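> starting from these lines, generate the structure:
(one chain, ligands or ions: 2)
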Amino acid sequence: MTISIQGISVSRGIAIGRVHCIKRDQIDTPEYLIRKTQIDSEILRLDNAITKARKELRAIRDHIPSSTSINISEFINTHLLMLEDNALTEEPKKIIKDRLCNAEWALKLQRDALVNVFDEMADAYLSTRKDDVGHVVNRILRILLKQKPLLDELPDEHLRGKVIAADDLTPADTVLMKHYGIAAFATEFGGSTSHTAILARNLRIPAVVGLHSAKKLIKNDDLVILDGGSGIVLVNPDKTVLSYYIKKQNEVKKYYSSLEKLKDSPARSIDGIPITLMANIELPEDFETVRDIGASGVGLYRTEFLYMNRNNPPDEEEHFQTYIKVIEALRGLPLTIRTVDLGADKEVDGVGRQTSNIRSNPALGLRAVRLCLKEPEFFRPQLRAILRASAHGPIRIMIPMLTNTQEMQQVLFIIDDLKLELKNKLIKFDQEIKVGGMIEVPASAICADIFADKLDFLSIGTNDLIQYTMAIDRINDEVNYLYDPLHPAVLRLIQATIVAGQKANIPISMCGEMAGEKEYTPLLLGLGLREFSMHPATLLEVKEIINKTNINELVELTKKALMVDGNY
Ligand code: PEP
Ligand code: MG
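Ligands and ions are numbered 1, 2, ... in the order given. Model prediction:
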């Protein structure tokens with residue numbers, strides 16, 4: 001019998017495949033005594049498991065495509081080094097001998113001892129190494145216990161074509177999925193604008209989140225159909241259902257290939273209004289797609305993905321080299337680099353760890369520009385690299401999460417200071433580089449005119465704007481029903497921002513997910529939006545709608561949407 005589970009749709013597309021379940025629970029470590037005569041065989045078991053763990057890690061490292069700038073190799077190398085360290089290879093053996101216990105228990109005791117040492121370290125970087133110790137020990141434990149490895153511990157060929165079922169996934173997991181050729185993923189938790197969801201859309205991985213009953217109903221190796229558009233997961237479908245979805249899968253493919261013809265034509269409404277369609281990019285594999293899809297440039301380059309799956313933040317040179325790669329791929333198209341937006345759900349090792357994510361409301365805490373101003377030692381190298389790169393192609397700087405004018409002034413001051421530094425050292429940069437801000441906080445949308453007076457452009461980040469306007473955590477599926485881009489409060493804030501931009505005569509764009517959802521396109525056009533930035537995967541769908549829309553006819557209808565109606 002086919003079981004149907006309804007979740008939240010986050011990334012369109014139909015996938016049909018076998019399930020691979022990921023559980024992030026603590027491993028149940030068995031404890032038992034061994035006889036003296038068993039010491040040697042227990043030590044041999046540990047040695048074999050460590051050797052196997054090394055092999056697995058090398059296999060993963062060898063399969064990472066050289067095109068990726070996300071330093072997965074560095075993170076794997078750290079784990080390999082730990083597997084050579086006496087603390088993990090020799091100390092547990094002593095414990096086996098001294099306590100006459102099994103290898104798993106000896107390893108657990110040694111891990112606890114190491115974690116305690118790391119916990120006592122004041123240094124943020126070193127204290128985060130305890131996570132690595134945990135990952136490495138878990139890998140060995142799973143081998144000893146003959147358990148299936150987690151996603152990041154599997155060589156890629158095991159996952160090709162699989163549908164991942166998990167409690168929750170991080171953005172970093174999603175990056176790995178792409179490399180592993182995973183067909184789709186389904187999670188118990190998560191919201192539609194979480195970064196994991198955004199990344200899934202960008203990478204065109206069909207995905208459904210918020211499937212609360214999934215754990216009970218989906219098992220390893222079950223055949224599932226995941227319909228990312230409707231948020232439905234069908235477990236062990238019967239023949240009729242399966243053939244219906246195979247047909248639907250083909251229709252979806254046909255629809256996308258029918259859009260290809262729009263790539264080279266401009267976006268223009270029926271009444272002749274030209275619209276600019278830009279792309280949001282994150283990963284190196286997106287760089288080429290901007291031109292391929294016919295976008296007019298990049299309206300949002302999320303640089304935080306440079307910080308993921310690695311142990312320390314990128315330095316100025318790495319930032320610079322990456323931006324040069326993007327500039328080269330864009331061949332003259334404008335690039336808007338958003339300075340790093342870490343914190344909240346975009347957590348990485350080694351940055352802001354002590355301060356931001358241990359607080360109870362990370363989304364309201366130290367993230368994005370707030371974190372950058374608090375930790376200028378990692379903000380300045382990025383800004384300096386952007387300035388240097390601006391000598392090589394058209395670049396704009398975009399600041400996320402501006403909330404008050406002091407933040408804006410502080411950032412502008414740092415940029416001026418860096419410009420002076422570069423000038424004194426005779427290093428080239430674009431002296432007229434444009435600096436803009438993201439309107440993502442209701443306070444800044446209400447005061448958009450103040451920001452518009454001082455900045456060169458504004459971009460509306462609806463993912464956060466909706467989160468903060470509706471007081472909902474964007475990664476919490478339980479309040480996802482309140483994620484409503486059509487709430488008059490949200491629409492009025494968008495409109496206020498567009499009007500402020502028009503008055504100040506500066507470009508206004510939207511780069512939140514709402515910009516790439518074609519059902520909102522006519523409304524946004526009616527509100528006066530003329531520049532959209534979205535993940536390349538949806539650009540042609542939006543273009544198709546624009547080309548069929550008469551904007552003048554929408555003005556009256558749009559006014560109605562701004563009024564409080566029966567739903568509110
Ligand atoms: C937004 O908040 O709408 C946005 C584009 O930024 P991010 O999703 O990266 O927070
Ligand atoms: Mg945002």
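> the host helix or strand of Ser9 pairs with which strands, and in what direction?
Assigned by DSSP states H and E, Ser9 belongs to strand 8-11. Strand 8-11 pairs in its sheet with strand 207-209 (antiparallel), by DSSP bridges.
> isn't Glu288 up against Ala329?
Yes: between Glu288 and Ala329 a contact is recorded at 5.3 Å, counting by C-beta atoms under 8 Å. To be clear about C-beta, it is placed using only N, CA and C from the backbone, and glycine gets the same treatment.
> neighbour count: those two, which is higher?
Taking neighbours as other C-beta atoms under 10 Å, Glu288 and Ala329 compare with Ala329 leading, 19 against 15.
> surely that one is in contact with Phe287?
Yes: proximity of Ala329 to Phe287 meets the contact threshold set by C-beta under 8 Å, at 3.8 Å.
> now the strand holding Ser9: how far from the chain's centre is it?
15 Å (C-alpha atoms, centre = their mean, to the nearest Å).
> show me where the stretch 351-500 of the chain has helices.
Using DSSP state H, counting those that start in this stretch, the helices assigned to the stretch 351-500 of the chain run over residues 368-374, 376-389, 405-424, 442-446, 448-454, 462-470, 488-504.
> neighbours of Lys419, how many?
For Lys419, using other C-beta under 10 Å, the count is 18.
> most tightly packed of the helices of the stretch 351-500 of the chain?
Across the helices of the stretch 351-500 of the chain, averaging neighbours per residue (mean count of other C-beta atoms under 10 Å) puts helix 462-470 on top, at a mean of 23.
> that one and ligand 2, are they touching?
Yes: with C-beta under 5 Å from the ion as the criterion, ligand 2 is reached by helix 462-470 at Asp464.
> ligand 1 contacts on the stretch 51-200 of the chain?
Ile198 (C-beta under 6 Å from any ligand atom).
> for the stretch 51-200 of the chain, give me the ranges with low pLDDT.
Along the stretch 51-200 of the chain, the model assigns pLDDT under 70 to residues 60, 63-75, 121-129, 131, 148-157, 172.
> in it, what residue lies closest to ligand 2?
Thr193 (8.7 Å; C-beta to the ion).
> name the element that residue belongs to?
Here Thr193 is assigned to no helix or strand, by DSSP H and E.
> that one contacts Glu513, correct?
Yes: contact criterion C-beta under 8 Å: Thr193 and Glu513 qualify, at 5.4 Å.
> and for the two, which residues touch both?
Residues touching both Thr193 and Glu513 (C-beta atoms under 8 Å, 6 or more residues apart in numbering) are Asn463.
> quick one: the strand holding Ser9 near ligand 1?
No: if you take C-beta under 6 Å from any ligand atom as the test, strand 8-11 misses ligand 1, and the best it gets is 13.0 Å.
> export only the CA atoms of stretch 390-401, formatted as CSV.
Extracted in CSV, the C-alpha atoms of stretch 390-401 (Å, rounded to 0.1, in the frame of the first residue of the first chain):
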residue,chain,number,x,y,z
SER,A,390,36.8,45.7,-8.1
ALA,A,391,39.8,46.7,-10.2
HIS,A,392,39.1,43.6,-12.4
GLY,A,393,35.4,43.8,-13.1
PRO,A,394,32.1,45.6,-12.2
ILE,A,395,31.5,44.9,-8.5
ARG,A,396,29.1,46.3,-6.0
ILE,A,397,29.3,45.8,-2.2
MET,A,398,26.0,44.8,-0.4
ILE,A,399,25.7,44.8,3.4
PRO,A,400,23.2,42.4,5.0
MET,A,401,20.8,43.0,7.9
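> show me what counts as buried in that stretch.
Buried residues in stretch 390-401, defined by neighbour count with 16 or more other C-beta atoms under 10 Å: 390, 393-401.
> cool, and stretch 481-489?
For stretch 481-489, by 16+ other C-beta under 10 Å, it's 483-485, 487-489.
> count of residues packed around the closest residue to Leu422 other than its chain neighbours?
Spatial nearest neighbour of Leu422, chain neighbours left out: Phe429 (5.3 Å); criterion: C-beta to C-beta, 6 or more residues apart in numbering. The burial count assigned to Phe429 is 19, neighbours taken as other C-beta under 10 Å.
> for Phe429, what are its contacts?
Phe429 touches 387-388, 390-391, 419, 422, counting by C-beta under 8 Å, 6+ apart.
> distance of it from ligand 1?
26 Å (C-beta to the nearest ligand atom, to the nearest Å).
> what's the answer for Asp167, then?
Applying C-beta to the nearest ligand atom to Asp167 and ligand 1 gives a distance of 22 Å.
> for that residue, phi and psi?
phi -60, psi -50 (degrees, to the nearest 10).
> spell out which residues of the protein are next to ligand 2.
So the chain meets ligand 2 at 440, 461, 464 (C-beta under 5 Å from the ion).
> thinking again about what came up before, and the furthest pair within the buried residues of stretch 481-489?
Comparing all pairs in the buried residues of stretch 481-489 by C-beta to C-beta, the longest separation belongs to Tyr483 and Pro488, at 15.0 Å.
> mind putting the residues of the chain next to ligand 2 in CSV, distance to Ala448 and pLDDT included?
Output for these, formatted as CSV (distance: C-beta to C-beta, whole Å; pLDDT from 0 to 100):
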residue, distance to Ala448, pLDDT
Glu440, 11, 97
Gly461, 12, 98
Asp464, 15, 96
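> and ligand 1, which of those reach it?
When contact is defined as C-beta under 6 Å from any ligand atom, the residues of the chain next to ligand 2 meet ligand 1 at 440, 461, 464.
> out of those, who's nearest Leu364?
When those are compared against Leu364 (criterion: C-beta to C-beta), the nearest one is Asp464, at 10.9 Å.
> what sits against Asp549?
No, residue 549 isn't Asp; it's Thr. With C-beta under 8 Å, 6+ apart, Thr549 has these contacts: 269-270, 521-522, 525.
> so which of those belong to helices?
521-522, 525 (DSSP state H).
> regarding this protein, what is its longest helix?
The chain, longest helix under DSSP H: helix 39-62.
> just checking, Thr521 touches Val542?
Yes: with contact defined as C-beta under 8 Å, Thr521 reaches Val542; the gap is 5.4 Å.
> quick one on the thing from earlier: what packs against the longest helix of the chain?
helix 72-82, helix 86-89, helix 91-99, helix 103-119, helix 124-144 (3 or more C-beta pairs under 8 Å, 6 or more residues apart in numbering; DSSP states H and E).
> go again with 7 Å.
If contacts are counted by 3 or more C-beta pairs under 7 Å, 6 or more residues apart in numbering; DSSP states H and E, helix 39-62 sits against helix 72-82, helix 91-99, helix 103-119, helix 124-144.
> please spell out which residues along that helix are buried.
42-43, 45-46, 49-50, 53-54, 56-57, 60-61.
> residues contacting the closest residue in space to Cys372 that isn't next to it in sequence?
Distances taken as C-beta to C-beta, 6+ apart put Phe379 closest to Cys372, at 3.8 Å, once the chain neighbours are dropped. The contact partners of Phe379, taken as C-beta atoms under 7 Å, 6 or more residues apart in numbering, are 339, 372-373.
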